[in-house]
Every structure is written in C-alpha cells, then in structure tokens.
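could you look at this predicted model? Sequence included:
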Amino acid sequence: MAKEEIIQKVKETMEAPSCFAGLKAVCQEYLEAQGTGKEKEAAEKLSAALKDCVQSIDTVIPFFKSEAGVKYFGKETAAALAKAADEAKEKGSKYCICPACTAGGYLLDHIHEL
C-alpha cells in the first residue's frame, strides 16, 4: 500500500463524526509528523490508539442490541444498527461499522505500513 493511501485513511478516521476526540488528536499528530524525525514515534502512538479505540464487530453488535444501546441510539436506530452490523459480520467485517472504526480498522489491518 502506498503511503498516500495510509494518509488518506488516517484523514478519513479523524474526520469521521464518530471518531473519539483523543484519536483525532493522535491522527493529527501522525499527519504533522510526516517527513520529520518524529514519524516513527507518531506511528507507534497511532498504532496504540487505533488498537485501543477501534471496536470489533463482536463488541458492537451486543451493544446495539442492549438496553444501553437502545437508550443511547433510540429503539429504531439501535435496531437498524444491529441489523447492519449483523449483515456486515456475515460478509466478513471484523470492525464496527461506523466510519471511524471502518477506516481505523483498515489502518489496523495495515499497521506495519504506518
């Protein structure tokens, strides 16, 4: 994978409405470190943040179906998210279906290229 693709996925992760503020900051640090002596350190920090923040599909499905998920999203939205996540899992998805986790999961799958 080309470095440009990694940069694009980092931007997609941080620009996603579902991205945690702490992960956004780490993504920004990674982008700012490109071409500097801090690139390796920033990549290690991003790797750790992605491992901590990106949720697995097996984590979010039970949440979407839970009372807490219904309270957070509302009954209809939680049901729709659960259905979409179940379908994504059936198709082989490993990560949460939100935009931040989708892009972040892609980065996790290519972590050695950061």
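Nice, I can see it.

how far away is Asp109 from Phe63?
According to C-beta to C-beta, to the nearest Å, Asp109 and Phe63 sit 22 Å apart. The C-beta positions use only the backbone N, C-alpha and C, and glycine is treated the same way.

ok, those two, which is more surrounded?
More crowded of Asp109 and Phe63, by other C-beta atoms under 10 Å: Phe63, with 18 against 13.

hang on, the more buried one packs against Gly69?
Yes: the pair Phe63 / Gly69 is scored as a contact, 4.7 Å apart, by C-beta atoms under 8 Å.

hey, what's in contact with both of the two?
Listed contacts common to Phe63 and Gly69 are nil; contacts here mean C-beta atoms under 8 Å, 6 or more residues apart in numbering.

the domain parsing of the chain - what is it?
Domain assignment for the chain, taken from automatic domain parsing, gives 1-53+98-114, 56-94.

a markdown table please, covering those and showing mean pLDDT.
As requested, the domains of the chain are exported to a markdown table (pLDDT from 0 to 100):
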| stretch | mean pLDDT |
| --- | --- |
| domain 1-53+98-114 | 96 |
| domain 56-94 | 98 |
